[in-house]
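> Everything below, folded, please.
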Amino acid sequence: MLDTKDILMRCSICKMEKSLSLNRSQIRTLAEGRLLQFHCTYCTTPQYWASVNPVTYKDEEEPILESPRSILVVDDDDLTITLLKKVLDTWKADIQIADNAKDALSKLSTQEFDLMICDIHMPGMTGKELYSHIRDNALLPPQRILFLTGDKSNSMKEFLDSSGCYYMFKPIQFLTFSDQVQDLLAGEFRK
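Sure, this is the predicted structure:
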């Protein structure tokens, strides 16, 4: 279960205020002086929100990381890559892009990543085949992989559940995606 705390937040566009229940990684983000993105009911679109009052974060077991996180995004769709990169750029992460699974394998063999976000259905080598190579060569632990797919078939669900990886179904809700990635990077894994 994730620890949450209610924080009074303000929309950066319309200045509407509301109390939001935030997890540790979101609180840490605010303490670092960065904004969070949430849906604004007044603006009717996702907007950046800041805390109304100063937020501090202290956790002796989990210090705030100074270096940017390294994320590999693997997808053959340019629009999806652009949208994912836009969300991930808000955290000042080192984002590498691979437009196919073979390119992803090449990057995984030469660089260490904190997280890989990967489409399942790609031409050539699929996300499933990529996962087999990653597992067989111990390139990345399954809990550091987030699969994205629109395939909700029983066989796909069975693969995803047995892989030990995290997953989200398309179409992606970007606020949920953002929260999931923040939690995965903070080690607060949820399914």
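
> Tell me how many other residues crowd residue 179.
21 (other C-beta atoms under 10 Å). (C-beta placed from N, C-alpha, C; glycine too.)

> Please apply the same query to residue 171.
With other C-beta under 10 Å as criterion, residue 171 counts 8.

> Assess the claim that it and residue 148 are in contact.
No: contact criterion C-beta atoms under 8 Å: residue 171 and residue 148 do not qualify, at 9.9 Å.

> And the pLDDT for residue 158?
pLDDT, residue 158: 93.

> From residue 10, how far off is it?
As judged by C-beta to C-beta, to the nearest Å, residue 158 and residue 10 stand 44 Å apart.

> neighbour-wise, which of the two wins?
residue 10 (15 against 10).

> What strand or helix carries residue 132?
helix 127-136 (DSSP states H and E).

> Report the distance from that helix to the chain centre.
How far helix 127-136 lies from its chain's middle: 20 Å, per C-alpha atoms, centre = their mean, to the nearest Å.

> What of stretch 123-133?
For stretch 123-133, the distance to the chain centre is 20 Å (C-alpha atoms, centre = their mean).

> which outside residues touch that stretch?
For stretch 123-133, the external contacting residues (C-beta atoms under 8 Å, 6 or more residues apart in numbering) are 74, 76, 100-102, 104-105, 118-121, 139, 145, 147, 149, 159, 163, 165.
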